[in-house]
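Colleague: I would like to see how this sequence folds:
(one chain, ligands or ions: 1)
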Amino acid sequence: APTVGVLALQGDVREHVTALAAAGADARPVRRPVELDAVDGLVIPGGESTTISKLVDVFELREPIDKRIAGGMPVYGSCAGMIMLAGEVLDGRPDQRGFAGIEMTVRRNAFGRQVDSFEAPVEVTGVEGGPFHAVFIRAPWVERVGDGVEVLGRVTDGPATDRIVAVRQGNLLATSFHPELTGDRRLHAYFVELVRAAA
Ligand code: GLN
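Modeller: Have a look, this model is predicted:
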């Protein structure tokens, strides 16, 4: 089984470890550079991107993660994790910094201007079996994508219709929503397959 780490600095780490294990991965938390060395792929969980950004520096993980991303390690970012993978962040804190892996502009807390959290069906390209029951919690959306970015999912109804909420660029995957909070393991299975293919 591919070894998949979950960046365990802040956020819903345990839920991702459980979901990854159910999807067939050898899943484990990653807090230290030596733990990062031992994984084939990494999940950056939902939480608070400003806090995760700070802790990435405190735990001396910024350069190691940048290097692994440059080396092709698959990374999946959910919500705050999506923000950590974005090249540009709108409504971010001036001192927050991500890994800039995906050529996209995300807006932090984008849906939150209307509602703090909500749920909606989202179809994800490449994942069969019908739409996800997507859970959004103070979520970002994607306002712009570069040429190399594949849009995998959009909101299909309500005030945020057509907003991009799932993307992939090479081995980097990001969603605005939280599949780890539902029993649906298809997105984690998709990511584990990506890690298996890249290893
Ligand atoms: N609003 C959070 C942030 O800016 C993300 C919320 C979440 O991950 N559920 O990082």
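
Colleague: surely Glu123 meets Thr156?
Modeller: Yes - using C-beta atoms under 8 Å, Glu123 is in contact with Thr156, at 7.1 Å. C-betas here are computed from N, CA, C, even on glycine.

Colleague: which residues are common contacts for those two?
Modeller: Common neighbours of Glu123 and Thr156 (criterion: C-beta atoms under 8 Å, 6 or more residues apart in numbering): Pro131.

Colleague: Direction included, what does the lowest-mean-pLDDT helix or strand in the chain pair up with?
Modeller: Every helix and strand of the chain was ranked by mean pLDDT, DSSP states H and E. The lowest is strand 117-122, at a mean of 91. According to DSSP bridges, strand 117-122 has the following sheet partners: strand 132-137 (antiparallel).

Colleague: List the buried residues in the partner strand.
Modeller: Neighbour-count burial for strand 132-137, counted by 16 or more other C-beta atoms under 10 Å, picks out 132, 134-137.

Colleague: so which strand or helix has Leu187?
Modeller: helix 186-198 (DSSP states H and E).

Colleague: export that helix as CSV, just CAs?
Modeller: Taking C-alpha atoms only, helix 186-198 is exported to CSV below (Å, rounded to 0.1, in the frame of the first residue of the first chain):
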residue,chain,number,x,y,z
ARG,A,186,-14.1,8.0,-3.3
LEU,A,187,-11.9,11.2,-3.4
HIS,A,188,-9.4,9.7,-1.0
ALA,A,189,-9.4,6.5,-3.2
TYR,A,190,-8.7,8.7,-6.2
PHE,A,191,-5.8,10.4,-4.4
VAL,A,192,-4.4,7.1,-3.2
GLU,A,193,-4.5,5.8,-6.8
LEU,A,194,-2.6,9.0,-7.9
VAL,A,195,0.0,8.3,-5.2
ARG,A,196,0.3,4.7,-6.3
ALA,A,197,0.8,5.7,-9.9
ALA,A,198,3.4,8.3,-9.0
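
Colleague: now the angle from it to strand 132-137?
Modeller: Helix 186-198 runs at 100 degrees relative to strand 132-137, counting by axes from the mean of the first three to the mean of the last three C-alpha atoms, to 10 degrees.

Colleague: ok, how many other residues are close to Ala199?
Modeller: For Ala199, the neighbour count with other C-beta atoms under 10 Å is 11.

Colleague: Contact residues of the chain facing the ligand?
Modeller: Residues of the chain lying close to the ligand (C-beta under 6 Å from any ligand atom) are 46-49, 79-80, 83, 108-109, 137-138.
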